[in-house]
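>>> Next input, structure requested:
(4 chains)
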There are 4 protein chains.
Amino acid sequence: MIIYVKKNTDQKQLDTLINWLESRGVEVHALSNGKSIILGLIGDTQNVDADLVNNLDCVSRVVKVKEPYKSSNRKFHPDDTVIDVCGVKIGGGNFTAIAGPCSVESTEQICAVAKAVKESGASILRGGAFKPRTSPYSFQGLRSKGIELLLEAKRLTGMPIVSEIMDIGSLPVFEHVDIIQVGARNMQNFELLKELGRTNKVILLKRGLANTLNEFLMSAEYIMSSGNQNVILCERGIRTFETATRNTLDISAIPLLKKMSHLPVIADPSHASGIASLVRPLALAAVSAGADGIMVEVHNDPEHALCDGPQSIRPDEFSSLMQDMLKVRNILYPQK
Amino acid sequence: MIIYVKKNTDQKQLDTLINWLESRGVEVHALSNGKSIILGLIGDTQNVDADLVNNLDCVSRVVKVKEPYKSSNRKFHPDDTVIDVCGVKIGGGNFTAIAGPCSVESTEQICAVAKAVKESGASILRGGAFKPRTSPYSFQGLRSKGIELLLEAKRLTGMPIVSEIMDIGSLPVFEHVDIIQVGARNMQNFELLKELGRTNKVILLKRGLANTLNEFLMSAEYIMSSGNQNVILCERGIRTFETATRNTLDISAIPLLKKMSHLPVIADPSHASGIASLVRPLALAAVSAGADGIMVEVHNDPEHALCDGPQSIRPDEFSSLMQDMLKVRNILYPQK
Amino acid sequence: MIIYVKKNTDQKQLDTLINWLESRGVEVHALSNGKSIILGLIGDTQNVDADLVNNLDCVSRVVKVKEPYKSSNRKFHPDDTVIDVCGVKIGGGNFTAIAGPCSVESTEQICAVAKAVKESGASILRGGAFKPRTSPYSFQGLRSKGIELLLEAKRLTGMPIVSEIMDIGSLPVFEHVDIIQVGARNMQNFELLKELGRTNKVILLKRGLANTLNEFLMSAEYIMSSGNQNVILCERGIRTFETATRNTLDISAIPLLKKMSHLPVIADPSHASGIASLVRPLALAAVSAGADGIMVEVHNDPEHALCDGPQSIRPDEFSSLMQDMLKVRNILYPQK
Amino acid sequence: MIIYVKKNTDQKQLDTLINWLESRGVEVHALSNGKSIILGLIGDTQNVDADLVNNLDCVSRVVKVKEPYKSSNRKFHPDDTVIDVCGVKIGGGNFTAIAGPCSVESTEQICAVAKAVKESGASILRGGAFKPRTSPYSFQGLRSKGIELLLEAKRLTGMPIVSEIMDIGSLPVFEHVDIIQVGARNMQNFELLKELGRTNKVILLKRGLANTLNEFLMSAEYIMSSGNQNVILCERGIRTFETATRNTLDISAIPLLKKMSHLPVIADPSHASGIASLVRPLALAAVSAGADGIMVEVHNDPEHALCDGPQSIRPDEFSSLMQDMLKVRNILYPQK
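Numbering: from 1, shown residues only, chains lettered A, B, ... in the order given. Purely as a prediction, here's the structure:
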């Protein structure tokens, strides 16, 4: 339920209303959109009589929210959420490129790629340290050591970094990581989501391979309802019958998520397709469909990458893509 | 198998080679790309000894084609196929917009929409006369009468028209229809495909809801191997677990099909999503991903459409979309 | 809408009611289940006032039917439909095995298989003459000649035969075929369904690879609303992300279809899996789930079959399977 | 790679061979099947020269294993694995029924259901304490308290218990739980799998909603390669386009998994369908397809269940199902 309180309502009256609502067992999120004060009610609202509230002098309107997602719902928060990571802004009309190798392999590799993608316009560095691999016999990432190398690249280039977490236990290792990624396979690892909700880190949440948009937002809700509102949604392909690509990028998810939620929405064309030559057209498609950013795998030597080489593009390809993405962005979504 | 014959080979020598190949039980398609004469062999090539052919003086190279699709394979025909419909060019760097209502309803409706979309830059008019509906109790289209009304709109505006055929029996009714559409549900109606392969009509073939790209090209192959090379491929969404959209637009299909085949590839964002507000972002995404054109449902009065109103956009929305598609197209795929 | 008319209502009163209903623009199907006369209303019932009807003396109850499928709906026809093909009964507690090769190849082959499967307990012979193949370069079946050979096997063994039709044009060839099969790829070839609805043949309708149960019944509805009530439903696997089997047998479809509809429901484990060793466990699973019968590919020489050899079982395997299916059937669904 | 060592090889020779193999960087698992000693090599075998090994006197055969799953591969371990839980045997020709409520709700509830299902023939009690719910606002289970109540029911009835774990942190709470379940959403929570691989608990691993059989066995491999060989595989439905059921039970998975792996395979018809009336036909289908057991939700008062009431059957329904499952099992898979 959303209660629109008249703009000129005095604080005391507002506090009384909020206290009463909380006494009915719901949590109240208050924000203002300039025109009115918006009270978002989260939890079981069956003890809140909507008609009674609607009749209060200070209330202009009461809206029932049918969607099971609340905190992430655009109805609760009509304006875009803008997330600030060390000065880099995500969402709210900004366009953000995240780039870097699938796996961190060595100081040389991560620093070389970091410098290259920074020069080409990327603003955040990605790099896998803890790698979720289908096989226990595959390279599992450099783990803690990988995080250290990422931090080194951060010191060198000044770029904020994002890396994937695989379990709660390794949270201390991520102390200086700017954005913590939750991978597709962990999208419904609810205990992990709740724990991340208790941190103040920015969380990049990837959509699960077989999860609907509703379920995706419910997973964001796990993080947000635990206290952390800094969630970035990432479409990275779903599993379908088609085998020509590793997964099927659900391009419709981008405009739909933007409509359903106020959270920033980015796309990952590298994991969605698994094919380097598709990264460019899919990235451009995502920009055109309204994505707030893109996350791309870039490797200085894809042929010898320890992981996911076939889907990585080279720094020069990224540079050319970056320029074209910005041109398209400027035409379709010019910054106000 | 593809045989590259040296450019300066004399006609007699070439004929001898072709006759010999045909005597081995294969069909030979010859074309020239300026640099060499390309012989595409279709059928069972097990009686053609590749080494023997490769050693002929006039042959520069022999390539075995693993893909089951031959005529539609880009390896057989490296240049883009350009299809000309009453002067409107499709493929080969051209961008073509097809627009019109889901169903033809009346002279007034189809003529009004035709004029509106023509003014906004559409070059081909679409309109359903024979409608494949899930329920026998739903409106089945105006059928022959609908085709007549489409022809009236063609006379009025000069636009070529496209309409869907549902069975071989109604082929005579399509005598003056410029492009015959085969719908998703009939993509593997092989008898229909073979019959259309015996006509000289342009065929717009839609991908089936559960068909892979390989199967899609094999259906094009049914038409082409029967003699008709004028096939346009249309991605219109596949069936997945996601229920937020009617189908899932497989945006990756566009660059992949362009790579696999020389045929023009267009996208239908209206049927892919079933949601009017998604038509714009999906159409722009398709353009960015390299589509040669777009097919969009436009209705002058979507609220009262007899069919698929919720996915139709209005003429003014189409006009604005058209302008933005052309801007994006000019940046990413500038005409040479 | 369904109207339950009291058992002792006189004919004149009933006729008056039916005439009035028809004058409101609906079609009325009358049948009796011993306890009452059931009137099933098909078409647009908005001009039939349910309250008014309910208040008539002769009416005991009025039920609104939400499902879009009417003729095939069990609510319209509570008892199982039993279809009689040359004395072989399908549905209504009977268990029917249909067996035979994927493709008819020669007189010797079809007659040998026919005799073998008849001895093992199959009551209907299957054999493909017109073959829907993904590739135009694959064996397309013996076509009319194949139907002739099937008829020869029928004369020899006395077994009724079933074969697939691919287009309306070949209907005359099926004059003496007992059951006409509509394949998965043609499940929504609506013109074909309507035409078959105008014949008095038994139709074996296979579920499409990407079609829901609702859509499946709507396709049955196309046949039934055209006049032909003799429809057998066949679950043959749907397309999913899993590649270990050709398709995924949707075993739940069997009990669900039995609940939704009164039509006989059979399963085809051969096409569902594409793997001979899975035919036995899947056939037994289908029997346990309540299937009225099974359709199995049996070949006397699977290694040299012209089509689908890898999914065919040998006559001795079929014989052993048949015995076990009957044992399980007798335990779980003993004949009354 | 698998090395079959001749039966009469002396221990010293065997040790020398094993030491040499380990020095090449692979892990060696030795077991005997009566006829020979089987050495299963896990890890990177590129430094092991197969021809050289094959030529050793003591070696009868060397088989290369292409599948990425090793420990779980039937080729490594031809006989069925039999798991013993407090005297209850799972796999190897035994049939095991696991039953109980979706969620543990109270002492009265869990003890009542436990007694009822034990009387009807279930040998293991299931009950959810930590509940993975799509929404953070839904009932999350009694958590530790739920495990205590389960242990109380175990003391009362003597039945071993199974309950789902959601993260590594709660492992101490599961100290006295006999079988730890990993849910579908955590099938690729690799850190959890590795940690469970270091325990000596029996692990019931459920297939993920969008995971192939290969990926399923690779997840078992995570547990087994960490040291714990006690893994039970559970098919519980995959996500497809069909919405008539919550998920689609992949019945083919049962015979396929039995062929690919030596681990016990059970089915969960309750979660697969989400519909109580389908539990019976799907359970019987799974038995017929060769499942080693079944896991069913049984609730004494489904209408008032805190979770998943609509898919729970009542104790009397379970009792009748149990009898029929045993009858079918005895016919199709008689105990030797």
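>>> Centre of the chain to stretch A:28-35, how far?
23 Å (CA atoms, centre = their mean, to the nearest Å).
>>> mind exporting it as PDB, just the C-alpha atoms?
What follows is stretch A:28-35 as a C-alpha-only set of coordinates in PDB (Å, rounded to 0.1, in the frame of the first residue of the first chain):
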ATOM      1  CA  VAL A  28       6.800   2.500   6.700                       C
ATOM      2  CA  HIS A  29       9.200   4.000   4.100                       C
ATOM      3  CA  ALA A  30       8.800   7.700   3.700                       C
ATOM      4  CA  LEU A  31      10.100   9.800   0.800                       C
ATOM      5  CA  SER A  32       9.100  12.900  -1.100                       C
ATOM      6  CA  ASN A  33       8.800  13.500  -4.800                       C
ATOM      7  CA  GLY A  34       8.400  17.200  -4.500                       C
ATOM      8  CA  LYS A  35       4.600  17.100  -5.000                       C
END
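>>> which residues are contacting it?
When contacts are defined by CB atoms under 8 Å, 6 or more residues apart in numbering or on different chains, stretch A:28-35 is touched by residues A:7, A:14, A:18, A:21-22, A:37-42, A:71, A:76-79. Backbone N, C-alpha and C define where each C-beta goes, glycine included.
>>> repeat for stretch A:211-227
By CB under 8 Å, 6+ apart, the list of residues contacting stretch A:211-227 from outside reads A:42, A:67-73, A:187-188, A:190, A:193-198, A:203, A:205, A:207-208, A:231, A:233, A:238, A:253, A:256-257, A:260-261, A:263, B:241-244, D:134-137.
>>> Quick one: distance of stretch A:282-295 to the chain centre.
For stretch A:282-295, the distance to the chain centre is 14 Å (CA atoms, centre = their mean).
>>> Buried residues, stretch A:131-148. List them.
A:Lys131, A:Pro132, A:Thr134, A:Ser135, A:Pro136, A:Tyr137, A:Gln140, A:Gly141, A:Leu142, A:Gly146, A:Ile147 (16 or more other CB atoms under 10 Å in any protein chain shown).
>>> right, I mislabeled it, should have said stretch A:167-184
Buried residues in stretch A:167-184 (16+ other CB under 10 Å): A:167-168, A:171, A:173-174, A:177-184.
>>> In CSV: the residues you listed, plus distance to chain B, pLDDT and secondary structure.
Shown next, in CSV, are the buried residues of stretch A:167-184 (distance: CB to the nearest CB, whole Å; pLDDT from 0 to 100; DSSP: H, G, I helix; E, B strand; the rest coil):
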residue, distance to chain B, pLDDT, secondary structure
A:Asp167, 27, 94, coil
A:Ile168, 29, 95, helix
A:Leu171, 32, 96, helix
A:Val173, 35, 97, helix
A:Phe174, 31, 98, helix
A:Val177, 31, 98, coil
A:Asp178, 29, 98, coil
A:Ile179, 26, 98, strand
A:Ile180, 26, 98, strand
A:Gln181, 22, 98, strand
A:Val182, 20, 98, strand
A:Gly183, 19, 97, coil
A:Ala184, 14, 97, helix
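>>> Helices along chain A, start to end?
A:11-23, A:50-54, A:107-119, A:144-157, A:190-197, A:213-225, A:253-260, A:269-273, A:276-288, A:315-332 (DSSP state H).
>>> before we move on, the earlier item: return the member of the buried residues of stretch A:131-148 nearest to A:Glu105.
In terms of CB to CB, no member of the buried residues of stretch A:131-148 lies closer to A:Glu105 than A:Leu142, at 7.3 Å.
>>> what does chain A put close to chain B?
Within chain A, the positions adjacent to chain B are A:210, A:212-214, A:238, A:240-245, A:248-256, A:259, A:272-273, A:277-278, A:281-282, A:284-290, A:324, A:327-328, A:331-332 by CB under 8 Å from any CB of the partner chain.
>>> What subset of the residues you listed is buried?
By 16+ other CB under 10 Å, the residues of chain A next to chain B give A:210, A:212-214, A:238, A:240-242, A:244-245, A:248-256, A:272-273, A:278, A:281-282, A:284-290, A:324, A:327-328, A:332 as buried.
>>> related to what we said a few turns ago, can you list the helices of chain A in JSON lines and add distance to A:Ala97 and mean pLDDT?
As requested, the helices of chain A are arranged in JSON lines below (distance: least, CB to CB, whole Å; pLDDT from 0 to 100):
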{"stretch": "helix A:11-23", "distance to A:Ala97": "41", "mean pLDDT": "91"}
{"stretch": "helix A:50-54", "distance to A:Ala97": "44", "mean pLDDT": "90"}
{"stretch": "helix A:107-119", "distance to A:Ala97": "8", "mean pLDDT": "96"}
{"stretch": "helix A:144-157", "distance to A:Ala97": "14", "mean pLDDT": "97"}
{"stretch": "helix A:190-197", "distance to A:Ala97": "24", "mean pLDDT": "97"}
{"stretch": "helix A:213-225", "distance to A:Ala97": "22", "mean pLDDT": "96"}
{"stretch": "helix A:253-260", "distance to A:Ala97": "15", "mean pLDDT": "98"}
{"stretch": "helix A:269-273", "distance to A:Ala97": "12", "mean pLDDT": "95"}
{"stretch": "helix A:276-288", "distance to A:Ala97": "9", "mean pLDDT": "97"}
{"stretch": "helix A:315-332", "distance to A:Ala97": "6", "mean pLDDT": "97"}
